[in-house]
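1. Provided below are the primary sequence and the corresponding predicted coordinates.
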Amino acid sequence: MREKNCWILLLFLLAAIVLGGFVGSLTEGVPVLSWLNFGDSFGLNTPFVLDLGILVITFGMSIRITMAGLIGMALAILIYHWL
């Protein structure tokens, strides 16, 4: 049995979250499928700004997890398992 690369799983999960968010936003107006866009955001709502005089660095990150993203993550794990 060959060893699996964890970076491939991470890439699959990130792609699943992005595609799930896209599918969720597409189905937002469809009454039967609007539950796919149900989710919550977490992260830094207001960015952290570090002003060093000549250099200003802004840190910020927000992640929105939707039902479509969770379904996509489950599918990504199954696909990774079958590889």
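-> Perfect, I can see it now.

2. The residue nearest in space to the middle of the chain and residue 63, how far apart?
-> Centrality entry for the chain: nearest residue to the mean C-alpha point is residue 17, 3.3 Å, by CA atoms, centre = their mean. From residue 17 over to residue 63 the distance is 8 Å, taken as CB to CB, to the nearest Å. Heads up, the C-betas are built off the backbone N, CA and C, glycines and all.

3. where's the residue nearest to the centre of the chain, which helix or strand?
-> Residue 17 belongs to helix 6-26 when assigned by DSSP states H and E.

4. mind saving the C-alpha coords of that helix as CSV?
-> What follows is helix 6-26 as a C-alpha-only set of coordinates in CSV (Å, rounded to 0.1, in the frame of the first residue of the first chain):
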residue,chain,number,x,y,z
CYS,A,6,-1.5,15.0,3.6
TRP,A,7,-1.0,18.0,1.4
ILE,A,8,-3.3,16.5,-1.2
LEU,A,9,-6.0,16.1,1.5
LEU,A,10,-5.5,19.7,2.5
LEU,A,11,-5.8,20.8,-1.1
PHE,A,12,-9.0,18.8,-1.5
LEU,A,13,-10.5,20.3,1.6
LEU,A,14,-9.7,23.9,0.6
ALA,A,15,-11.1,23.3,-2.8
ALA,A,16,-14.3,21.8,-1.3
ILE,A,17,-14.8,24.8,1.0
VAL,A,18,-14.4,27.2,-1.9
LEU,A,19,-16.7,25.2,-4.3
GLY,A,20,-19.2,24.6,-1.5
GLY,A,21,-19.4,28.4,-0.8
PHE,A,22,-19.8,29.0,-4.5
VAL,A,23,-22.6,26.4,-4.7
GLY,A,24,-24.2,27.8,-1.6
SER,A,25,-24.2,31.4,-3.0
LEU,A,26,-25.7,30.2,-6.3
